[in-house]
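In: Compute the structure for the input listed below.
(chains A, B, C and D)
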Protein chains: 2
Amino acid sequence: MTAHGEGVRDGDAHGAEEPASEQQSSDGVAIPEPQDRAKAIPEAAVARLAVYLRVLSGFAEQEVHTVSSEELAVAAGVNSAKLRKDLSYIGSYGTRGVGYEVAVLIGQIERTLGLTQQHSVAVIGIGNLGHALANYGGFPSRGFPVAALFDLDPDLMGVPVGGIPVDHVDDIPRVCAERDVTIGAIATPAKGAQEVCDRLVQAGVRCVLNFAPVVLQVPEEVEVRKVDLAVEMQILSFHVARRSQETSESTTSEAEAEADGAAQSKTRDVNAGVNPVDGMVVRP
Amino acid sequence: MTAHGEGVRDGDAHGAEEPASEQQSSDGVAIPEPQDRAKAIPEAAVARLAVYLRVLSGFAEQEVHTVSSEELAVAAGVNSAKLRKDLSYIGSYGTRGVGYEVAVLIGQIERTLGLTQQHSVAVIGIGNLGHALANYGGFPSRGFPVAALFDLDPDLMGVPVGGIPVDHVDDIPRVCAERDVTIGAIATPAKGAQEVCDRLVQAGVRCVLNFAPVVLQVPEEVEVRKVDLAVEMQILSFHVARRSQETSESTTSEAEAEADGAAQSKTRDVNAGVNPVDGMVVRP
DNA sequence: AGTTGTGAACCGGTTCACAGCC
DNA sequence: GGCTGTGAACCGGTTCACAACT
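Out: Numbering: from 1, shown residues only, chains lettered A, B, ... in the order given. Below is the predicted model of the structure:
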């Protein structure tokens, strides 16, 4: 298990071989970093932990104090084995034969995700999406206060959006430093994205959520996540196509025949974890 | 409530309809898909194909008619081996020793993704995000015309947003059928999402892009992709935390001894699946 | 009894490296 | 020479199934 032990990989896959960065000793066998323990939570698991957290918050609100992995799994749309595995990455906080205490789990997941401290967000590009982000209630309520807004448009300068006045992108370094911004959300058109990103990095921002359809070039220590709406749509399109092509023909356009006959059988969720999406940059 | 699993016990979303490959038993034959079709394009590859398509469009605009896998890979932010593998899933349209013809590749990818036909989109929940979606120019230009808008607010009824009048959610079945909507984008608050989703399904919509922070329950034949901004933020938060906690050491990698190749300054991108595109002229 | 935690098997996807063709 | 296409090795993540514990 992960708690101090030899993380021996099974025989099938060659354990060893970590991707570079291993100060492999001169000769001996490559030992899998004994020191670097607590880490190693799979990226996919991290995404799901965020989901579990939201579900747990719901349970907490309903005064539910204890949940089993099965209950939590169903609510989160995953199977219980995976859920337990995910939770095991952050430690052992359950009680066998009983389940998990909601409050404890919430606290531990928050700690793992680094939510115990606030992360101020700056939104760049105050178009439709920028407005949506600035007003999105889900951010502040989850520890991500929007602390700064930027745009190029002179007409927007000083105008408050969601309670925060818009500043000029040239002021990104100064304002971000002043307000201690740690996350930048780029909602500009594709063309200006890289420049905006450079300024954010210059201002010390290490995490970027990119909605613009471009590949951002950033230093190694900066983390970029991309959300591309057009890509999401095309993925759906692919499934539509495959589906109809499988149905032989005539999908029965108005097939309202079954209507609710389907009912909610199972939770068919393609993206068990999280899917990126979107990238809208509208600029009248 | 917890639907205590009586009889259902599923919980696991089997992704495909007919994967059915039960190979737990060791009775010998592997039982290879009886009805093996042209399927089998990895989900992750589909996402990347959409990215390649965008990059290719850029090349086409610049009058570039031929590209090598290496050029395309760099522009798309992936390595060439992966790119070639991805393209091989849709067929062999390259010329050894030369490369790919841009126009041909665009056509083939569009065909694969089902973009040769239009997919009308309905946006439900005309708040900030809904507005952004309704006005997103990237949709219509890529074959996803927004054909209907819905909301609950009486004040919005009939008001045109992005050129399309808002209808009441109660009219989802009728309007969606009339306008042949195939994709529904749910941008409502969490509480109303499931109900809206049910109506969409009832209206025959088989693909849903969900922006609401809830796990939607849908029949097996419906495809749901979820976009959760709060989750994205939390993933970034996790990396911030991990990073700062690692600050105790120098960020620079240890002595690499010798140039062991590799190097390859990759574009640090956390997103495992989709890598952004590159406008190829990202530098003003 | 009931449920967690986790080694081990398993699988999908990525990377390697080279055969095949221009 | 260069570049594509792909089998095979590899790796990370998922699922299984059971030991450990309450």
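
In: For the nearest residue to residue A:182 once chain neighbours are set aside, give me its contacts.
Out: Once flanking residues are discounted, residue A:182 sits nearest to residue A:119: 4.7 Å by Cβ to Cβ, 6 or more residues apart in numbering or on different chains. Using the backbone N, CA and C atoms, a C-beta is placed for each residue, glycine as well. Residue A:119 is in contact with A:143, A:144, A:182, A:183, A:207, B:233, B:236, B:237, B:240, counting by Cβ atoms under 8 Å, 6 or more residues apart in numbering or on different chains.

In: Roughly how far does residue A:119 sit from residue A:180?
Out: 9 Å (Cβ to Cβ, to the nearest Å).

In: The residue most central in space within chain A: what secondary structure?
Out: Nearest residue to the geometric centre of chain A (Cα atoms, centre = their mean): residue A:47, 5.4 Å. Assigned with DSSP: H, G, I helix; E, B strand; the rest coil, residue A:47 falls in the helix class.

In: distance of it from chain B?
Out: Applying Cβ to the nearest Cβ, to the nearest Å, the value for residue A:47 to chain B is 6 Å.

In: same question, residue A:168
Out: Using Cβ to the nearest Cβ, residue A:168 is found at 17 Å from chain B.

In: can you pull up the bridge partners for that residue?
Out: residue A:151 (DSSP bridges).

In: Which stretches in chain A count as strands?
Out: A:66-67, A:94-95, A:99-101, A:120-124, A:146-151, A:160-161, A:164-168, A:181-186, A:207-210, A:223-226 (DSSP state E).

In: Run the angle between the helix or strand bottoming out on mean pLDDT in chain A and strand B:120-124 for me.
Out: The helix or strand of chain A with the poorest confidence is helix A:229-246; it has a mean of 88 (mean pLDDT, DSSP states H and E). Following axes from the mean of the first three to the mean of the last three Cα atoms, to 10 degrees, one obtains 120 degrees for the angle between helix A:229-246 and strand B:120-124.

In: Which neighbouring elements make contact with helix A:229-246?
Out: Helices and strands touching helix A:229-246, by 3 or more Cβ pairs under 8 Å, 6 or more residues apart in numbering or on different chains; DSSP states H and E, are helix B:43-61, strand B:181-186, strand B:207-210, strand B:223-226.

In: hey, C-alpha coordinates of stretch A:111-123 in CSV?
Out: What follows is stretch A:111-123, C-alpha atoms only, in CSV (Å, rounded to 0.1, in the frame of the first residue of the first chain):
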residue,chain,number,x,y,z
ARG,A,111,-6.7,18.9,2.4
THR,A,112,-5.5,16.8,-0.4
LEU,A,113,-6.8,19.1,-3.0
GLY,A,114,-5.3,22.0,-1.4
LEU,A,115,-8.6,23.6,-0.7
THR,A,116,-7.8,24.6,2.8
GLN,A,117,-6.4,27.8,1.5
GLN,A,118,-8.1,30.2,-0.8
HIS,A,119,-7.0,30.5,-4.4
SER,A,120,-7.8,33.8,-5.9
VAL,A,121,-8.7,33.7,-9.6
ALA,A,122,-8.2,36.2,-12.3
VAL,A,123,-10.3,36.1,-15.4
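
In: The residue nearest to the centre of chain A contacts residue B:231, doesn't it?
Out: Yes - here residue A:47 lies in contact with residue B:231, judged by Cβ atoms under 8 Å, at a distance of 6.1 Å.

In: give me the low-pLDDT residue ranges for chain A?
Out: A:1-39, A:246-284 (pLDDT under 70).

In: Show me how it divides into domains.
Out: A:43-113, A:120-229 (automatic domain parsing).

In: wait, which of those domains is closest to residue B:127?
Out: Counting by Cβ to Cβ, residue B:127 lies closest to domain A:120-229 out of these; the figure is 7.7 Å.

In: what's the span of the closest one, first residue to last?
Out: 24 Å (Cα to Cα, to the nearest Å).

In: Closest residue of the stretch 151-284 of chain A to chain B?
Out: With Cβ to the nearest Cβ as the measure, residue A:241 is the residue of the stretch 151-284 of chain A nearest to chain B, at 2.6 Å.

In: Let me know how buried that residue is, in neighbour terms.
Out: Neighbourhood size, residue A:241 [other Cβ atoms under 10 Å in any protein chain shown]: 18.

In: same deal with residue A:164?
Out: Residues near residue A:164, counting by other Cβ under 10 Å: 18.
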